[in-house]
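K.L.:
sequence first, predicted coordinates after that:
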Amino acid sequence: MAEAATSFLLQNLKEVVIDQIKLNNEAKQELELLQKQLEDMKKYLQRASEKKSGKEFRECENQILEVVYEAEDLIDSYVTQVAMAQTKTFKLYPGKIDLVGQMKKLRMVKLEPTFQRAKSQLAEISTSDESGARTKAFRQINPLVEKTVVGMTDEIDRFVKDLLKNTSEVEAVCIVGMPGLGKTTIASKIFRDPSIDHHFPTRIWVNVSEDYKARDIYLSIVKQFTDRDMSSSQDSDLAIVAQKHLSQVKFLLVMDDVWTVEAWQAIKLALPINKGSGKVLVTTRHDTVATHANPRSKVNHLRMLTSMESWQLLQVEVYGKEGVWPEDSKVIGEKISEKCGGLPLAIVVIGGILLDKVSPEETREDEWRKVFESAEGFLLKDDMVTSVKSIIGLSYYKMPYYLRDCFLYLGVCPKDFEISTWKLTRLWIAEGFIKEEANTIQSLEDIAHENLKELIRRNLVMVGRKNARGDVKACRVHDMIREFCKNEALTFLKVISRSIETRRFHPDVSEIPKFRRICVHSHVLDLLKEKLNGPHIRSFICFSKHETDAELTTLQSIVEAFKLLRVLEGSSIRFPKFHPKLTQLIHLRYITLATGENFKALPSTISQLLNLQTIVIVTSQSIFEVRANMSEMTRLRHFKTKAAIVFKREKNLLAGRNGGVNANLQTLTRLSTQSCTREMLSKTPNLQTLGISGDIGSYCDFQCLEELYCLKRLKMINHAPPETPIPRLLVEQHFPPNLETLTLSATNLQWHYMSTLGRLKLQVLKLKDNAFTGDEWRVGHGEFKYLRHLAIERSDLLSWTIEESSLKELKYLCLNNCSRLLSVPIGLAKSLRYLEMGNVSGNAVLSAQEIEKEKSGDAAFRLVLAPGTYVPTRG
């Protein structure tokens, strides 16, 4: 956390202070000294983290973090005072605020001594093998390895089947999954399987772990074949000897707990080349390892336990195989097993706790109920070697610095919460976790998405939903991982909850000044009625499941309590209107505002929030006015809402900084047709996502789209009567040249205009609410040659035919409410991977089944029929 906080402070110094405030020479010199010292600290922390970990290192890191936070608070407070002074009728020059004196004192009295003291302490700490020791301790006493596996027979059978396949060369079969999922247990069960024992006369088990040494791997293999002492041999010689022995036998080699691609490359050196005499069974937390171990196979993740399997495992852990769970405690037992979320390790740990509370019988259920109510707390106890905390901690402390804050931030999510990846990545950017990289064309958003993908590949984040392009649209974390993040975050992040019994908040509101970020997911209005003081709070986040109507004073209380706020996420709190004091939050980078019935516009004063990157408006209004000069908000990257945005002062867009051009703006999710003008779009040349809503035919100047060279996603929603013609929309030259995704809704075009779209390089096309009408659609030769995803919803289409070489890359087809459609073209079977249908004719279903029959040899193909879809029987 310290390295990330230091990086953000450095960026903040440049962006906020140097760019926005005129400083005298003395102040500039002092800030330059601070920058240099911070750069030195950052580099040192990066180097030290590569060699050291463990409790002592984290204590030193926290010492540095506290001072960095103090420096950040001082600078942000200074900037706030200057900004507020400039809005008053009197003049206050920056020089009159003693930034120089306070900064010099902080730098010399706190920052420099703390850094030197930390360096001295770290020099005395030997390269830590704490995590490795914890791994070894866990693997020696892991209760899953030697115990009977409950359920998972389908998974075991799948892996056994893959291992028994004949192959022309040594092949790896990978068991991949999140920490604590029982990968080692499953591998152990497979290792002892009778069919495996019969098929592979030689079976070798090697514990790799995250701190592996290649020579230890080779020695573990060689020792299975010879008693000769080879400990003094070179690594390369050991690899050759291991390879020679393995090439002479039919073997199963289990490589348990492989963490890195480098470890797999070391293992490969010991495997026979071009011989199919053996198999390697790999257990790993990382998708990347599995991909390198077997590039030809799709990564298959080990599933969670079902509710029934979880309940059975808990019974075994508490009462043994032959024991009987007491009937009077069965309900609470099932609830406890359900709370573990299908994670075997969690069930085993909780089972051990329940076992200690089996007697006396008269208090058993009360004690077990306490376990149920605070299961997460038991699982995160430090004194439990096999606790979830220690196992997840292995993944956390081995991940690179740039991922750690992103990972811990997942603690903001409520239980069982699925968060939009768009929202999560924009929050990461606003929080300063994502750094621009030198010599790269990647945007901050690209880097943030790569970070999320990396956490998914490490099996710490689970995929929720995917979009039409196959990208992750929403994600979630297992409750045990969420609890780990909350527990590890310390002052970095705090979730505030209220006790049902005492109706008091935990932690107490008096402790809020300790934290940098707070999130509250229930009783938020009650919390804001308290006298809050959060001088260090940078983020206020509310992801409540229930929307609440707030008074205008509630928004005022947030502003007054958290003056240095960067992130205000209040999508579940409806405000009656925009409070003028909101513009005092000059450090705001991200804001989500939910609007009440009378909140219909953003005032001109919001353009005073010069640091805003993301604005999200949650509203039920069909039209939302923006009276601000958006060109002044040069850091604005995203404006997201489902209402049609009307810019009331369009002429102001021509003025402002940089000639009124906002080069950073990437997202305008819903622009009204009356504001979709050439003048407007010329000031946003780097738009990547644009939505247009309104009377498409009457108002929209389609030619203004053709110069949006960066636009990748375009959505058009027509609100004109069906008889209003808009054929000029379908002129090829009017579309942005790099458009990848197009959504049309209620445009009521004739199907023959589709040939224009067919010449574009679209990858995703969604046609909704009679975007096209008529009986017949004929896809001409070579049309839609790049299209991968096609969705047609609510259409009167009757006949659909395709010619050779058209739609040749189509992988995903979704047909909903196309009740007249007679059939799906059989020619799509060549490329199709997924076909989803709902409310379609029986004949269309039969044609889909013909495609399924054609794809019978393709295990990746899926036909999904919505519930209630009529499936006729063949005559």
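P.N.:
Looks like it came in fine.
K.L.:
so residue 760 touches residue 740, yeah?
P.N.:
No: the pair residue 760 / residue 740 is not scored as a contact, 9.3 Å apart, by CB atoms under 8 Å. Where C-beta positions appear, they are placed from N, C-alpha and C, glycine not excepted.
K.L.:
what's the pLDDT at residue 38?
P.N.:
Looking at residue 38, its pLDDT stands at 81.
K.L.:
hang on, I meant residue 579
P.N.:
pLDDT, residue 579: 92.
K.L.:
that one - nearest residue in space that isn't next to it in sequence?
P.N.:
Leaving aside its sequence neighbours, residue 579 sits nearest to residue 555 (CB to CB, 6 or more residues apart in numbering; 4.3 Å).
K.L.:
residues touching the one you found, list them.
P.N.:
Contacts for residue 555 (CB atoms under 8 Å, 6 or more residues apart in numbering) come out as 575, 579, 581-582.
K.L.:
so, low pLDDT: which residues of the stretch 551-700 of the chain?
P.N.:
Scanning the stretch 551-700 of the chain with the threshold set as pLDDT under 70 gives 649-659, 699-700.
K.L.:
can you give me the helices in it?
P.N.:
Under the criterion DSSP state H, counting those that start in this stretch, the stretch 551-700 of the chain carries helices at the ranges 552-561, 678-682, 696-699.
K.L.:
any chance of the ones you listed in a markdown table with distance to residue 45 as columns?
P.N.:
As requested, these are exported to a markdown table (distance: least, CB to CB, whole Å):
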| stretch | distance to residue 45 |
| --- | --- |
| helix 552-561 | 32 |
| helix 678-682 | 44 |
| helix 696-699 | 54 |
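K.L.:
relative to residue 231, how far out is the residue nearest to residue 579?
P.N.:
Using CB to CB, to the nearest Å, residue 555 is found at 69 Å from residue 231.
K.L.:
equivalent analysis for residue 57, please.
P.N.:
Counting by CB to CB, the gap from residue 57 to residue 231 is 31 Å.
K.L.:
these two: which has the busier surroundings?
P.N.:
Neighbour count, other CB atoms under 10 Å: between residue 57 and residue 231, residue 57 has more, with 21 against 9.
K.L.:
pretty sure the more buried one contacts residue 63?
P.N.:
No: the criterion here is CB under 8 Å, and residue 57 misses it with residue 63 at 10.9 Å.
K.L.:
that's a helix at residue 423, yeah?
P.N.:
Yes: assessed with DSSP: H, G, I helix; E, B strand; the rest coil, residue 423 lies in a helix.
K.L.:
report pLDDT for it.
P.N.:
Note for residue 423: predicted pLDDT of 97.
K.L.:
dump the residue contacts of it.
P.N.:
residue 616.
K.L.:
quick check: it vs residue 409, distance?
P.N.:
Distance from residue 423 to residue 409, by CB to CB: 12 Å.
K.L.:
neighbours around residue 36, how many?
P.N.:
Residue 36: 10 neighbours (other CB under 10 Å).
K.L.:
ok, then the element right after the helix or strand hosting it?
P.N.:
Assigned by DSSP states H and E, residue 36 falls within helix 25-51. The helix or strand immediately downstream of helix 25-51 is helix 54-87, counting by DSSP H and E.
K.L.:
next, residue 869: phi, psi?
P.N.:
phi -70, psi 130 (degrees, to the nearest 10).
K.L.:
I'd assumed residue 840 was in contact with it.
P.N.:
Yes: taking CB under 8 Å as the definition, residue 869 is a contact partner of residue 840 at 6.9 Å.
K.L.:
and those two? Which one has more around it.
P.N.:
Taking neighbours as other CB under 10 Å, residue 869 and residue 840 compare with residue 840 leading, 24 against 15.
K.L.:
pull up the gap between the residue nearest to residue 152 when sequence neighbours are not counted and residue 243, please.
P.N.:
Distance criterion CB to CB, 6+ apart; nearest residue to residue 152, sequence neighbours excluded, is residue 186 at 6.4 Å. Counting by CB to CB, the separation of residue 186 from residue 243 is 27 Å.
K.L.:
of those two, who's got more company?
P.N.:
residue 186 (22 against 18).
K.L.:
surely the more buried one meets residue 159?
P.N.:
Yes: counting by CB under 8 Å, residue 186 does reach residue 159; the two are 7.1 Å apart.
K.L.:
list residues touching both of these two?
P.N.:
residue 175.
K.L.:
hang on, residue 316 packs against residue 150?
P.N.:
Yes: using CB under 8 Å, residue 316 is in contact with residue 150, at 6.0 Å.
K.L.:
looking at these two, which one has more neighbours?
P.N.:
Each of residue 316 and residue 150 has its neighbours counted (other CB under 10 Å); residue 150 has more, 22 against 19.
K.L.:
tell me how far the more buried one lies from residue 156.
P.N.:
Counting by CB to CB, the gap from residue 150 to residue 156 is 12 Å.
K.L.:
likewise residue 171?
P.N.:
For residue 171, the distance to residue 156 equals 18 Å [CB to CB].
K.L.:
before we move on, what about residue 796?
P.N.:
Applying CB to CB to residue 796 and residue 156 gives a distance of 50 Å.
K.L.:
between those two, which has more neighbouring residues?
P.N.:
Shown here are residue 796 and residue 156; by other CB under 10 Å, residue 156 has more neighbours (17 against 14).
K.L.:
return the residues in contact with that one.
P.N.:
So residue 156 contacts 149, 186, 189-190, 193 (CB under 8 Å, 6+ apart).
K.L.:
by pLDDT, give me the weakest of those residues.
P.N.:
Ranked by pLDDT, those bottom out at residue 149, which has 79.
K.L.:
apart from its chain neighbours, what residue comes closest to it?
P.N.:
residue 189 (4.8 Å).
K.L.:
count of neighbours near the one you found?
P.N.:
For residue 189, the count of nearby residues is 22 (other CB under 10 Å).
K.L.:
same check on residue 352?
P.N.:
15.
K.L.:
give the contact list for the nearest residue to residue 624 once chain neighbours are set aside.
P.N.:
Among residues not flanking residue 624 along the chain, residue 643 sits closest, at 3.8 Å (CB to CB, 6+ apart). By CB under 8 Å, 6+ apart, the residues touching residue 643 are 617, 619, 621-624, 670.
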